[in-house]
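1. using only what follows, build the 3D model:
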Amino acid sequence: QVQLVESGGGSVQAGGSLRLSCAASVSTTYMGWFRQAPGKEREGVAHIGSADFTIYADFVKGRFTISRDNTKNILYLQMNGLEPEDTAMYYCAAGLRRWYFPPKENDVNYWGQGTQVTVSS
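-> Below you'll find the predicted structure:
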């Protein structure tokens with residue numbers, strides 16, 4: 001069982017930045033972030049896999065960066081150039097295989113509780 005605890009959400013103005021963190025209870029190779037906006041389906045944002053391979057949803061390429069500290073089992077999502085459309089609950093996720101975008105929820109075996117990101121115009 002993998003426990004995931006997110007932090008770092010908050011409210012910012014458009015163009016601002018936030019960094020999300022996700023502390024994992026054990027080392028996990030395949031991890032990433034999903035988000036869910038009100039009235040919309042949950043969607044994959046970014047993924048990191050073996051050898052720190054990374055892949056992103058088109059709507060965040062060039063703005064968001066996924067990374068991790070393997071010594072601390074912490075996953076990060078650096079979000080720059082935030083837009084109101086990025087407003088959502090962001091979820092840390094871990095699975096047993098790499099994701100192919102767009103990822104499906106059944107690619108994920110473990111979910112965090114979510115952290116809210118709100119971007120105002």
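2. partner residues bridging the residue nearest the centre of the chain?
-> Nearest residue to the geometric centre of the chain (CA atoms, centre = their mean): Trp33, 2.2 Å. Beta-bridge partners of Trp33, counted by DSSP bridges, are Ala46, Cys92.
3. ok, Ser67 next?
-> Judged by DSSP bridges, the bridge partners of Ser67 are Tyr76.
4. show me the contacts for it.
-> Ser67 makes contact with 48, 52, 75-76, 78, according to CB atoms under 8 Å, 6 or more residues apart in numbering. From N, CA and C alone the C-beta is placed, and that goes for glycine too.
5. ranking those residues by neighbours, who comes first?
-> Taking other CB atoms under 10 Å as the neighbour criterion, Leu75 ranks highest of the contacts of Ser67 with 27 neighbours.
6. ok, for that residue, nearest residue in space, not its chain neighbours?
-> What sits nearest to Leu75 in space, not counting adjacent residues and going by CB to CB, 6 or more residues apart in numbering, is Cys22, at 4.1 Å.
7. repeat that for Ser17.
-> Closest to Ser17 by CB to CB, 6+ apart is Asn80, at 4.7 Å.
8. that neighbour - how many residues pack around it?
-> Quick note: Asn80 (other CB under 10 Å) scores 14 neighbours.
9. that one and Phe64 touch, don't they?
-> Yes. Asn80 is in contact with Phe64 according to CB atoms under 8 Å; the separation is 7.3 Å.
10. can you show me the strands along the chain?
-> 4-7, 10-13, 18-24, 30-36, 43-48, 54-56, 64-69, 74-79, 88-95, 110-111, 115-120 (DSSP state E).
11. need those strands in JSON lines with distance to Pro103, can you?
-> What follows is these, written out as JSON lines (distance: least, CB to CB, whole Å):
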{"stretch": "strand 4-7", "distance to Pro103": "16"}
{"stretch": "strand 10-13", "distance to Pro103": "25"}
{"stretch": "strand 18-24", "distance to Pro103": "16"}
{"stretch": "strand 30-36", "distance to Pro103": "7"}
{"stretch": "strand 43-48", "distance to Pro103": "4"}
{"stretch": "strand 54-56", "distance to Pro103": "9"}
{"stretch": "strand 64-69", "distance to Pro103": "13"}
{"stretch": "strand 74-79", "distance to Pro103": "15"}
{"stretch": "strand 88-95", "distance to Pro103": "8"}
{"stretch": "strand 110-111", "distance to Pro103": "13"}
{"stretch": "strand 115-120", "distance to Pro103": "19"}
